[in-house]
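[1] what follows is a predicted structure for the sequence shown.
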Amino acid sequence: MIEKALIIFLAATLTNNFVLTYFLGLCPFVGVSERASSAIGMGFASTFVMTMTAIIAWIMDWLVLRPLHLEFLQTAVFILVIASLVQFVEMFIKKTSKELYKALGIYLPLITTNCIVLGLALIGSMKNYNLLENIMLGFGAGIGFTLALVLIAGIREELEFRNVPEPLKGAGITLIVVGLMALAFMGFSGMVTL
Amino acid sequence: MKKRSLFYEFKKGLVAENPVLIMLLGLCSTLAVSNKAINSLSMALAVFFVLFFSSLIIGLIKNIIPDQVRIPSFILVIATFVTLADLFMKAKFPAISKALGPYIPLIVVNCIILGRQEAFVSKNSLAASLMDAIGMSLGYLWVIVLLGMVRELLGFGTIFGVRVLGSWFKPWLVMVLPPGSFITLGIFVGVLNWLRSKGGKA
């Protein structure tokens, strides 16, 4: 069982990287990924929220929705869980650590509408994972998101000094670079599968 | 804010303020489901349904929602219509629903929809909001369907499942995989920017 959980973690990070194979979490990708430092902040804030979401969404899904046969409420319940979780995390960090709040605070509201969080909850539920597996999926997806975000931020910092054709500047070249990165990540496929 | 015609509100979503190519919203679903033209079309229709009816309901009730709980209320309205669309597709088109997977429920967090409610519907009249919703949906539709057609043509040699390229054509597998999606959309963004700069309008 531990082994399966580890495989899920590896798969969510590398072979089935949520950004590069499921296209989740792209909005901050184009927006926040201009500086490596803010990419790291966003990545860790998201990883934290995603791991928490994996736990709470699993509890809601298996202990409330499924026993009561309310699966059709899943989407609405998950998004409410995420929105309140993010709000709660924000208040908690603000109270306990000023430093951490300064570092992560501005990214937190953005995370609610990041599709990677809801996508994670939905994918975990579709695959009928147990709690441990779901946590590994959330944590792995968060690490994978951070990895991709930091890599692309590094490339974009370099790109600023390169002679990119005018129409492709900004979004166009970013998408193409992400495509090439996705191609590189496909090299991991076959190692483990989700 | 100056008064603009309803036709303008409709037209701006098509090119000038295109939600995908110019504002870069809703990229997840655009990139994910556009491996075949038929999937793209189904996704675009689902987005149209959700955006239109969310704009209608939110346009009607926006004045009685307190400002502080605005966003959660918007999300709940959107989630309701997304659930309707999801269950409808599961019941009537199980094959397409399976192909689209989690991306139908993910319309809830599609930034196009919440973005329009926040940026447009909450500040404009109901008629203007509905025209805006139709324009934005069509803007989304043409981009995702065109993307789906290009990727399907190069990846399978077909369009809407009809074989276009003969048996001499060796499919470019990469086009139906994620990298092809990113690269094609990147080129689309570049081409549109190039056309706009050539046309001389901002």
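    Yep, that arrived.
[2] tell me how many other residues crowd residue 9.
    No chain was given, so I picked chain A. When neighbours are defined as other CB atoms under 10 Å in any protein chain shown, A:Phe9 has 21 of them. Placement of C-beta: from N, CA and C, glycine included.
[3] the chain in question should be chain B.
    Close neighbours of B:Glu9, defined as other CB under 10 Å, add up to 22.
[4] give me every residue that touches the closest residue to it other than its chain neighbours.
    Excluding its sequence neighbours, the residue lying closest to B:Glu9 (CB to CB, 6 or more residues apart in numbering or on different chains) is B:Met131, at 4.3 Å. Contacts for B:Met131 (CB atoms under 8 Å, 6 or more residues apart in numbering or on different chains) come out as B:Leu6, B:Phe7, B:Glu9, B:Phe10.
[5] which of the residues you listed fall in strands?
    Counted as lying in strands by DSSP state E, out of those, is not a single one.
[6] next step: those residues restricted to helices.
    B:Leu6, B:Phe7, B:Glu9, B:Phe10 (DSSP state H).
[7] biggest helix in chain A by residues?
    Looking across chain A with DSSP H, the single longest helix is helix A:131-159.
[8] buried set for that helix?
    A:133-153, A:155-156, A:159 (16 or more other CB atoms under 10 Å in any protein chain shown).
[9] list the helices and strands the helix or strand just after it packs on?
    Counting by DSSP states H and E, the next helix or strand C-terminal to helix A:131-159 is helix A:171-185. Counting contacts by 3 or more CB pairs under 8 Å, 6 or more residues apart in numbering or on different chains; DSSP states H and E, the secondary-structure elements packed against helix A:171-185 are helix A:26-31, helix A:131-159, helix B:178-199.
[10] which secondary structure elements does the second one sit against?
    Think helix A:131-159. Other elements packing on helix A:131-159 under the criterion 3+ CB pairs under 8 Å, 6+ apart are helix A:2-10, helix A:26-31, helix A:36-59, helix A:115-126, helix A:171-185.
[11] need the contact list for the residue nearest the centre of chain B.
    With distances taken as CA atoms, centre = their mean, chain B has B:Tyr140 as the residue nearest its mean C-alpha position (3.6 Å). When the contact criterion is CB under 8 Å, 6+ apart, the partners of B:Tyr140 are B:Gly13, B:Pro19, B:Val20, B:Gly26, B:Thr30, B:Ala44, B:Val47, B:Phe48, B:Ile112.
[12] what do you get if the cut-off is 6 Å, keeping everything else the same?
    Taking CB atoms under 6 Å, 6 or more residues apart in numbering or on different chains, we find B:Tyr140 in contact with B:Pro19, B:Val20, B:Ala44, B:Val47.
[13] next one: A:Thr51
    With CB under 6 Å, 6+ apart as the criterion, the residues that contact A:Thr51 are A:Gly138, A:Phe139.
[14] show me which residues of chain A sit near chain B.
    A:21, A:23-24, A:26-27, A:30, A:75-76, A:79, A:83, A:113, A:115, A:118-119, A:122-123, A:167-168, A:171-172, A:175-176, A:178-179, A:182-183 (CB under 6 Å from any CB of the partner chain).
[15] which parts of chain B sit against chain A?
    With CB under 6 Å from any CB as the criterion, chain B comes near chain A at residues B:24, B:27-28, B:31-32, B:72, B:75, B:79, B:82-83, B:102, B:105-106, B:108-109, B:111, B:178-179, B:182-183, B:185-186, B:189-190, B:193-194.
[16] re the thing from before, pull out the buried members of the contacts of B:Tyr140.
    Under a neighbour-count criterion of 16+ other CB under 10 Å, the subset of the contacts of B:Tyr140 counted as buried comprises B:Pro19, B:Val20, B:Ala44, B:Val47.
[17] could you single out the nearest of those residues to A:Ala5?
    The closest of the buried ones among the contacts of B:Tyr140 to A:Ala5 turns out to be B:Val47 (CB to CB; 35.5 Å).
[18] wait, which of the helices and strands packed on helix A:171-185 is closest to A:Ala54?
    In this view, these are compared for proximity to A:Ala54 by CB to CB, and helix A:131-159 is the closest at 2.8 Å.
[19] how far off centre is the closest one?
    Averaging C-alpha coordinates over helix A:131-159 and over its chain gives two centres that are 6 Å apart (CA atoms, centre = their mean, to the nearest Å).
[20] likewise stretch B:118-130?
    Centre-to-centre, stretch B:118-130 and its host chain are 18 Å apart (CA atoms, centre = their mean).
[21] can you check stretch B:116-124 too?
    Its chain's average C-alpha position is 17 Å from that of stretch B:116-124, according to CA atoms, centre = their mean.
[22] between the buried ones among the contacts of B:Tyr140, which sits nearest A:Met60?
    Within the buried ones among the contacts of B:Tyr140, the smallest distance to A:Met60 is 26.3 Å, found for B:Val47 (CB to CB).
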